[in-house]
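[1] sequence below, structure please.
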Amino acid sequence: MSQTHIHTEKAPPKRNRFAESAAIVAALVLFGVLLAFGVHWEGCGSEREFADAKILDTRIVVTQIQEGQRGTSVGYRIEAHVNYDLYGQMQDRWVPVPEMYKDREWVDARLASHPKTCEVSWPKSHPDNARCRLPWDRSRY
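    Numbering: from 1, shown residues only. Modelled structure (predicted):
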């Protein structure tokens, strides 16, 4: 006597569209965050060098202009004309301050104390990518 086994195919698992949509949205958000903050990570893989710099002048630079339904928005950045020592050679150049502003009044307030010095830093492998960190005058804020 032999027994026969009847095999039936299993139904494919039902797809959870909500979970798929959530995974896609999470992946897009993660990609956007990496894209947006990738600029700030330039020196994370390498160590940075630092030097004290004398500020000769400052200027305000428009970094972006966006027109929308609610009007035009403008982004600002400060650049400092500095002198500093780079491996025994004096550098005289304009370097950006990494802070970005949407409001011109904040930029003016930031420069109201007329800073005379800043800390310049650059990745060891890219000394041309210097940036200047201005001291904060906390009494003004």
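
[2] so who does residue 133 touch?
    97, 98, 118, 119, 120, 121 (C-beta atoms under 8 Å, 6 or more residues apart in numbering). (Each C-beta comes from the backbone N, C-alpha and C, glycine too.)

[3] which ones among those map onto strands?
    Using DSSP state E, the subset of the contacts of residue 133 located in strands is 97, 98, 118, 119, 120, 121.

[4] need the pLDDT of the first one.
    In this model, residue 97 is scored at 93, pLDDT.

[5] in the protein, where's the longest strand?
    strand 48-68.

[6] packing partners of the helix or strand just after that one?
    Next helix or strand after strand 48-68 toward the C-terminus (DSSP states H and E): strand 71-86. When contacts are defined as 3 or more C-beta pairs under 8 Å, 6 or more residues apart in numbering; DSSP states H and E, strand 71-86 packs onto strand 48-68, strand 89-101, helix 104-111, strand 117-123.

[7] pairing partners for the second one, with directions?
    Strand pairing for strand 89-101, determined by DSSP bridges: strand 71-86 (antiparallel).

[8] next one: the shortest one
    Strand 117-123 pairs in its sheet with strand 48-68 (antiparallel), strand 131-133 (antiparallel), by DSSP bridges.

[9] of these, which is nearest residue 110?
    Residue 110 lies closest to strand 48-68 among those, at 9.3 Å (C-beta to C-beta).

[10] which of the ones in strands among the contacts of residue 133 lies closest to residue 14?
    For those, the nearest to residue 14 is residue 98 (49.7 Å; C-beta to C-beta).

[11] quick revisit: from the helices and strands packed on strand 71-86, which stretch is densest packed?
    Comparing the helices and strands packed on strand 71-86 by mean neighbour count (mean count of other C-beta atoms under 10 Å), strand 117-123 ranks first with a mean of 19.

[12] run the chain-centre distance for it.
    Chain-centre distance of strand 117-123: 17 Å, with C-alpha atoms, centre = their mean, to the nearest Å.

[13] longest single helix anywhere in the protein?
    helix 17-37 (DSSP state H).

[14] measure the nearest residue in space to residue 116 that is not next to it in sequence to residue 29 for me?
    Excluding the flanking residues, the one nearest residue 116 by C-beta to C-beta, 6 or more residues apart in numbering is residue 55, at 5.7 Å. Separation of residue 55 from residue 29 (C-beta to C-beta, to the nearest Å): 39 Å.
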